[in-house]
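*Asks:* My questions are about this predicted structure, shown below with the sequence.
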Amino acid sequence: MKLKMPPGKFYLYICLLLALAGTVNSCVYYNTFYLARKNFNQAESSRKQANRDEASGGEIKGYKDAITKASKVLSEHPTSKWVDDALFVIGKSFYYLGDFAKGERKFRELLSNFPDSKYADESRFFLGKSRYQLENYVLAKEVFVEFIESSKNDSWRAEATYLMAEMSAKQELDAEAIDFYQQFVTKYSSNFRTADVYFKMGELQFKLERYAEAAESFARAGATTQVEKTKFDARYREGSALFKIDSVQAGLVLFEKLRAEQQDSVQLGNILLRIAEGNKLLGNEREAILLYNEIGENFVKRIESAEAYYRLGEIAQEDWGDLVVAKDMYEAAGKEQRGGDWRTMAMEKVADIKLVETYLTAVGSDSLDSALESRYLLAEMYRTELNRPDSAMQEYQKIIELGPESPLAPRSLLAIGWILENHYQDTVASRAQYLKVIDQYPQSDALQKAVELLDLEGAEPYEYYPDKLYSLAENQLFDAENLDSARSLFQRLIDEFPDSRLVPKAEFALAKIQLMEFVPATKPRPTPKVDTVVTAVDSAAAKSDSTIVLDSTKLPIIVDSLMVSGADSTASVVTTDSSKSVIVQDTVKSVTVSDTAKGAESDSVDKPVIAADRAKGLSPDEIAKAMAAKDSVKAAPGDSIVRLSDMIGRTDVSAVDTLAAAARRDSILAVHAARLDSTKAPTQTDSTLVTAGKDSIKTASPVKDSLAIKSPPADTVYVDST
């Protein structure tokens with residue numbers, strides 16, 4: 001007969017034996033670990049009984065106390081024989097407290113220092129679980145792969161396989177997840193997770209459109225589960241999968257059984273919706289409509305009624321082509337739900353139908369271009385939003401017939417080809433439409449898409465198309481800074497593809513390039529301190545053909561604003577002191593004007609006289625080199641087509657209208673300045689209109705917005721800084 005000794009006396013007995021052996025210290029730290037293990041075991045027993053994977057209530061204190069006492073063993077007795085026990089207790093306690101990072105570190109420490117420990121196998125398992133909880137899936141999988149091959153514990157291997165599948169599913173590696181789920185149900189068919197695994201596998205198979213496999217998985221889930229909700233969900237999903245594989249009748253039978261079983265269930269509305277769907281698939285449209293209507297009346301203001309009215313709208317739209325009735329049904333669906341997917345989709349359909357109504361009205365426009373555009377938008381709505389490919393093809397064909405020269409005609413051919421290829425799987429007919437684009441509209445933007453669809457990219461003569469030419473031209477303009485090449489490519493686009501949408505942009509770019517070459521980029525320079533507005537040049541320059549001696553007492557000087565840095569007006573009008581003679585260069589070739597508002601002097605357009613350089617004593621050759629350097633124009637990297645201020649030295653003003661500027665520049669170039677009759681000085685001059693005569697300037701009457709300037713008093717300098 002065995003005598004039972006109380007735990008306390010047994011512990012005392014062990015301590016006495018250890019004391020007799022001269023190991024009192026061992027007794028002390030064993031006592032510490034004994035209490036750590038006691039707290040841990042109590043917490044574990046409570047958690048397992050509740051079938052939970054995390055601590056709760058008093059278990060939390062038990063695990064924390066276990067960590068505290070086991071940590072004391074590690075810190076005060078690092079060489080004791082209970083170190084691996086302490087590491088294991090700490091690691092699992094951290095895991096169940098939800099501190100997975102600390103738990104993971106303890107399991108790694110145990111496996112590194114005690115690879116042959118009795119806790120090694122379980123520690124490896126919990127190392128993988130900790131990494132799974134930390135979403136470190138790559139390292140977790142590495143642990144589990146090795147663990148599944150080496151461990152002899154079926155329960156842990158089953159859970160490791162299950163977690164492998166879960167990790168793959170979380171990473172959206174659906175096929176891989178299905179394989180792991182399949183391994184699980186094959187090897188561990190009696191595991192408590194089997195029904196859940198079958199259901200999850202079925203969901204992934206349904207997602208991948210493997211409907212036959214999904215139906216089988218759902219059927220097995222329903223057959224193996226003891227949970228009523230899981231059983232209903234599995235059979236419901238099985239019926240939906242059967243609909244997808246044309247086993248509609250079998251699916252209907254399943255839903256009818258569910259209907260009989262769930263008469264008082266909250267799921268009845270969903271079951272009726274699936275029965276209506278099955279009838280529609282079988283061609284029993286009348287029964288489907290009656291059932292949808294019944295659902296709408298009996299499940300008011302619920303998601304089931306919203307779906308029912310939406311389905312009625314689809315029938316009216318797609319089967320009858322009646323957009324009026326369809327819109328009414330969609331609006332009814334939107335009223336049944338304050339929010340949610342069905343309301344959102346219904347309101348989108350209502351908006352689409354209203355657009356169609358607008359386009360149908362606009363098709364009758366007196367303007368052919370407007371009518372064609374509305375018809376094209378209508379066709380696009382039919383094709384992309386309303387699922388009416390036949391109606392779309394009719395509208396596209398009408399566009400080609402009514403406006404064969406319209407840019408919408410080649411796009412309509414492409415759309416017809418797309419419908420033939422994607423809706424009717426007629427690749428021969430679709431290729432015929434794409435070839436029509438190439439044959440009939442080789443200068444349109446649609447050429448590029450047709451070439452792609454026919455796999456002719458890079459083949460002559462389809463190597464270049466508008467978008468590619470424009471891209472190449474931009475690269476030459478901004479990256480390579482090669483104005484000649486850019487000009488050539490832009491011009492080629494305009495000549496070869498006159499109907500392209502990019503032609504206006506190419507013309508705009510050409511205008512910019514022309515301005516860049518005409519007006520050199522300059523940096524503001526300090527204005528010399530002189531009494532006159534226009535800097536006088538030396539006598540040699542005054543005698544050249546490029547200068548004219550003017551009577552400044554009578555005549556205002558008109559300068560193109562593009563030649564004056566920082567000016568926004570169409571022209572700069574300057575009056576000068578009557579007592580001082582002014583020498584001005586020919587406005588066609590060179591104008592040097594100091595801007596008193598900014599204290600800067602702009603460079604001339606063609607061989608300007610650089611007064612500052614002359615003041616430095618530079619030789620004529622050095623001045624020529626300086627002028628040549630100023631005339632070398634390069635595009636700034638990253639410059640925009642629509643902004644020219646940086647190119648003409650206007651770094652502090654807003655963008656200018658380049659087309660208008662080009663027009664003004666051309667008008668000025670057409671005017672040759674001549675010696676003027678100083679006796680006939682006009683009091684006002686329209687800054688935008690100047691006509692050159694042999695010895696006079698004809699001025700037009702100032703318009704409402706002209707910037708005419710009255711003659712200032714004598715001995716003053718007046719500059720229109722606007």
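*Replies:* Cool, got the structure.
*Asks:* where does the stretch 401-550 of the chain have low pLDDT?
*Replies:* 457-465, 519-550 (pLDDT under 70).
*Asks:* in it, which spans are helices?
*Replies:* 408-422, 427-440, 446-453, 466-474, 483-496, 503-518, 539-542 (DSSP state H, counting those that start in this stretch).
*Asks:* so where is the protein shaky, pLDDT-wise?
*Replies:* For the chain (pLDDT under 70), the answer is 1-30, 457-465, 519-722.
*Asks:* The same query, at a cut-off of 50, please.
*Replies:* Within the chain, the ranges that satisfy pLDDT under 50 run 1-3, 10-11, 16-24, 523-616, 623-624, 627-659, 661-722.
*Asks:* Can you list the residue ranges for strands in it?
*Replies:* With strands called from DSSP state E, the chain shows them at 547-550, 557-560, 571-575, 582-585, 594-595, 600-601, 690-692, 697-699, 718-719.
*Asks:* How about residue 169: what's its closest non-neighbour residue?
*Replies:* Using CB to CB, 6 or more residues apart in numbering and skipping the chain neighbours, the partner closest in space to residue 169 is residue 177 (4.0 Å). For the C-beta atoms, the positions are set from N, CA and C on the backbone; glycine is no exception.
*Asks:* Verify the stated contact: the one you found with residue 203.
*Replies:* No: between residue 177 and residue 203 there is no contact under CB atoms under 8 Å: 10.2 Å.
*Asks:* still on that earlier bit, contacts only, for the residue nearest to residue 169.
*Replies:* 165-166, 168-169, 204 (CB atoms under 8 Å, 6 or more residues apart in numbering).
*Asks:* Just send these back as JSON lines, with distance to residue 256 too.
*Replies:* Formatted as JSON lines, those follow (distance: CB to CB, whole Å):
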{"residue": "165", "distance to residue 256": "34"}
{"residue": "166", "distance to residue 256": "35"}
{"residue": "168", "distance to residue 256": "37"}
{"residue": "169", "distance to residue 256": "33"}
{"residue": "204", "distance to residue 256": "28"}
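*Asks:* Check the gap between the nearest residue to residue 453 once chain neighbours are set aside and residue 410 for me.
*Replies:* Take residue 453 and drop its neighbours on the chain: the residue closest to it by CB to CB, 6+ apart is residue 434, 5.0 Å away. Computed as CB to CB, to the nearest Å, the residue 434 to residue 410 distance reads 10 Å.
*Asks:* same check, this time on residue 488
*Replies:* Residue 488 is 26 Å from residue 410, by CB to CB.
*Asks:* thinking again about what came up before, where do the contact lists of residue 434 and residue 410 overlap?
*Replies:* residue 450.
*Asks:* Leaving out chain neighbours, which residue sits closest to residue 432?
*Replies:* Per CB to CB, 6+ apart, closest to residue 432 is residue 417, 7.8 Å.
*Asks:* Would you confirm that the one you found contacts residue 433?
*Replies:* Yes: contact status for residue 417 versus residue 433: in contact at 3.4 Å, counting by CB under 8 Å.
*Asks:* list the contacts for the residue nearest to residue 432?
*Replies:* 429-434, 453.
*Asks:* ok, which stretches of the stretch 251-400 of the chain are helices?
*Replies:* Under DSSP H, counting those that start in this stretch, the stretch 251-400 of the chain gives helices at 268-281, 285-298, 303-314, 323-336, 341-362, 368-384, 389-402.
*Asks:* which one of the ones you listed has the most crowded surroundings?
*Replies:* A comparison of these by mean neighbour count, using mean count of other CB atoms under 10 Å, puts helix 303-314 on top with a mean of 24.
*Asks:* Please enumerate residues in contact with it?
*Replies:* With CB under 8 Å, 6+ apart, helix 303-314 has contacts from 269-270, 272-273, 276-277, 280, 288-289, 292-293, 295-299, 325-330, 332-334, 336-337, 340, 342-343, 345-346, 349.
*Asks:* coming back round to it: and the residue nearest to residue 169, how far from residue 205?
*Replies:* Residue 177 is 10 Å from residue 205, by CB to CB.
*Asks:* tell me how far the ends of stretch 403-413 are from each other?
*Replies:* 12 Å (CA to CA, to the nearest Å).
*Asks:* List the buried residues of that stretch.
*Replies:* Neighbour counts over stretch 403-413 (16 or more other CB atoms under 10 Å) mark 403, 406-413 as buried.
*Asks:* Closest one of these to residue 480?
*Replies:* Among the buried residues of stretch 403-413, residue 407 lies closest to residue 480 (CB to CB), at 31.1 Å.
*Asks:* wait, isn't the closest one in contact with residue 501?
*Replies:* Yes: counting by CB under 8 Å, residue 407 does reach residue 501; the two are 7.4 Å apart.
*Asks:* I'd like to know which elements the longest helix along the chain is packed against.
*Replies:* In the chain, with assignment by DSSP state H, the single longest helix is helix 24-49. With contacts taken as 3 or more CB pairs under 8 Å, 6 or more residues apart in numbering; DSSP states H and E, helix 24-49 sits against helix 7-20, helix 58-76, helix 83-96.
*Asks:* For the second one, output the C-alpha coordinates as CSV.
*Replies:* Only the C-alpha atoms of helix 58-76 are listed here, as CSV (Å, rounded to 0.1, in the frame of the first residue of the first chain):
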residue,chain,number,x,y,z
GLY,A,58,-7.3,35.4,-13.4
GLU,A,59,-5.2,33.6,-16.0
ILE,A,60,-3.4,36.9,-16.9
LYS,A,61,-2.1,37.2,-13.3
GLY,A,62,-1.0,33.6,-13.2
TYR,A,63,1.0,34.0,-16.4
LYS,A,64,2.6,37.2,-15.2
ASP,A,65,3.6,35.7,-11.9
ALA,A,66,5.1,32.8,-13.8
ILE,A,67,7.2,35.1,-15.9
THR,A,68,8.4,37.1,-12.9
LYS,A,69,9.5,34.0,-10.9
ALA,A,70,11.0,32.2,-13.9
SER,A,71,12.9,35.3,-14.9
LYS,A,72,14.5,35.3,-11.4
VAL,A,73,15.8,31.8,-12.0
LEU,A,74,17.4,33.0,-15.2
SER,A,75,19.0,36.1,-13.7
GLU,A,76,20.2,34.6,-10.3
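*Asks:* which residues touch it?
*Replies:* Against helix 58-76 from outside (CB under 8 Å, 6+ apart): 29, 32-33, 35-37, 39-40, 42-43, 46-47, 55, 80, 82-83, 85-87, 89-90, 93-94, 96-97.
*Asks:* List buried residues within the residues you listed.
*Replies:* 29, 32-33, 35-37, 39-40, 42-43, 46-47, 55, 80, 82-83, 85-87, 89-90, 93-94, 96-97.
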